[in-house]
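Asker: Pasting the sequence and the predicted model now:
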Amino acid sequence: MDVRFWGMRGGVPICGPDSQRYGGNTACVEVRCGDELLILDGGSGMIGLGRHLMQELKGAPLDAKLFLSHTHWDHTMGIPFFLPVYKSEGQLTVYGIAGMGEVLKSFFEGAEAGEHFPVPFGKPKVNIEFKELLETTQVGEAAVSYYYLNHPGLTVGFRVEYQGKSLVYVTDNEPYRSTNQELIRGDDDESYLARIDREVAAFAHSADLLIADATYSDDEYADVVGMGHSSVGDAMRIAISAQAKRLVLFHHHPLRSDQQIDDIAQSCRARLTRLNSKLEILTPTEGDRVSL
Ligand SMILES: [Zn+2]
């Protein structure tokens, strides 16, 4: 399985001298499983992926499977600007939970298209088809499963299994126990919400690569409880609990500078050393590849 990162930001795309190294595009991850092309989320990073695919396709038809975690802008805004949709023949299959198909349609037809952009996007040349996620969606030899996360609106994470390797993508997720203290019942050795959080970690169990929401620093988190995002510490807790091998800090806050991302990664590594953990921390820049 080959993974390439096209957008690492959350919230809104940014550009400026402080973000040139890690890049400012929002969530989009390309995953290749043999000949199959899977795309996790269609944030503004999908625009760069589209340009790259145009060179790669050289006129051949597109065949891509786009998995949407949810429909917030930072995960969908690249879709109407994905060039192969207008320039290639072929197929773009979009997978998501019920209701996401209607949002997708609104990008290309209906009033919303005109309300949000001055030029009509026009008729897609590729065939765009929406499919509801199955418990396990088979894409060639790759198996994609999903799990509900704690984020405003319905949001899911994905697990891709291919030839004995696993990639887990759980972004836009806030630990339940941080946001719903009143629901903690204490009726067991462990609270109800802690158990739900453990199920998220179980979904990521033994992941070779875990891509997780790390929007806030631990210090910032106290002021933003309930926004539906994790702190860097939360991302590490999920990864350690899941016994993941590598953790990608993802969905960087739009105000986060390159230097701050470096500092956060360094402090994570120092904490892991103190914990005697083998977990590896990755902070890919746009265009970086990881092979599993
Ligand atoms: Zn987001």
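Answerer: That came through fine.
Asker: contacts, neighbours, all on C-alpha from now
Answerer: Fine.
Asker: Is it correct that residue 97 is in contact with residue 132?
Answerer: Yes - contact criterion C-alpha atoms under 8 Å: residue 97 and residue 132 qualify, at 5.3 Å.
Asker: name the helices or strands packed onto the lengthiest helix in the chain?
Answerer: Looking across the chain with DSSP state H, the single longest helix is helix 258-274. Applying 3 or more C-alpha pairs under 8 Å, 6 or more residues apart in numbering; DSSP states H and E, we find helix 258-274 packed against strand 280-282.
Asker: now with 10 Å?
Answerer: Where contact means 3 or more C-alpha pairs under 10 Å, 6 or more residues apart in numbering; DSSP states H and E, helix 258-274 is packed against helix 232-242, strand 246-250, strand 280-282.
Asker: for those, which one sits closest to residue 85?
Answerer: Of all the helices and strands packed on helix 258-274, strand 246-250 sits nearest to residue 85, with 26.6 Å by C-alpha to C-alpha.
Asker: got the angle for that closest one vs helix 258-274?
Answerer: Using axes from the mean of the first three to the mean of the last three C-alpha atoms, to 10 degrees, the direction of strand 246-250 lies 150 degrees away from that of helix 258-274.
Asker: thinking again about what came up before, ranking the helices and strands packed on helix 258-274 by burial, who's on top?
Answerer: Among those, strand 246-250 has the highest mean neighbour count (mean count of other C-alpha atoms under 10 Å), at a mean of 23.
Asker: Now do that strand: everything it contacts.
Answerer: Strand 246-250 has contacts (C-alpha atoms under 10 Å, 6 or more residues apart in numbering) with 7-10, 26-27, 167-172, 206-215, 231-232, 235-236, 238-240, 261, 264-265, 278-284.
Asker: Name the residues of the longest helix of the chain that are buried.
Answerer: For helix 258-274, burial by neighbour count (16 or more other C-alpha atoms under 10 Å) applies to 258, 261, 264-265, 268-269, 272.
Asker: Let me know the closest of those residues to residue 70.
Answerer: residue 261 (25.1 Å).
Asker: so who does the closest one touch?
Answerer: 19, 22, 217, 249, 252-253, 267, 283.
Asker: wait, which of these is closest to residue 160?
Answerer: Nearest to residue 160 out of the contacts of residue 261 is residue 249 (C-alpha to C-alpha; 18.0 Å).
Asker: I'd like the distance from the host helix or strand of residue 53 to the chain centre, please.
Answerer: Taking DSSP states H and E as the criterion, the element that holds residue 53 is helix 45-57. Relative to the chain's own centre, helix 45-57 is displaced by 18 Å; criterion: C-alpha atoms, centre = their mean, to the nearest Å.
Asker: Let me know the angle separating the very next helix or strand once past it from helix 45-57.
Answerer: Counting by DSSP H and E, the next helix or strand C-terminal to helix 45-57 is strand 62-67. Angle between the axes of strand 62-67 and helix 45-57 is 160 degrees (criterion: the same axes, to 10 degrees).
Asker: Sheet partners, orientation included, of strand 62-67?
Answerer: Using DSSP bridges, the strands paired with strand 62-67 are strand 36-40 (parallel), strand 90-96 (parallel).
Asker: how far out from the middle of the chain is the shortest one?
Answerer: The chain centroid and the centroid of strand 36-40 are separated by 12 Å, computed with C-alpha atoms, centre = their mean.
Asker: dump the residue contacts of residue 75.
Answerer: 7, 9-12, 26-28, 40-46, 68-69, 172.
Asker: The same query, at a cut-off of 8 Å, please.
Answerer: Shown in contact with residue 75 (C-alpha atoms under 8 Å, 6 or more residues apart in numbering): 26-28, 41-44, 68-69.
Asker: so where do the strands sit in this protein?
Answerer: Assigned by DSSP state E, the strands in the chain fall at 2-7, 28-33, 36-40, 62-67, 90-96, 127-132, 136-139, 142-148, 156-162, 165-170, 209-213, 246-250, 280-282, 289-291.
Asker: how far is the longest helix of the chain from where the chain is centred?
Answerer: Using C-alpha atoms, centre = their mean, the offset of helix 258-274 from its chain centre is 21 Å.
Asker: Done for today, thanks.
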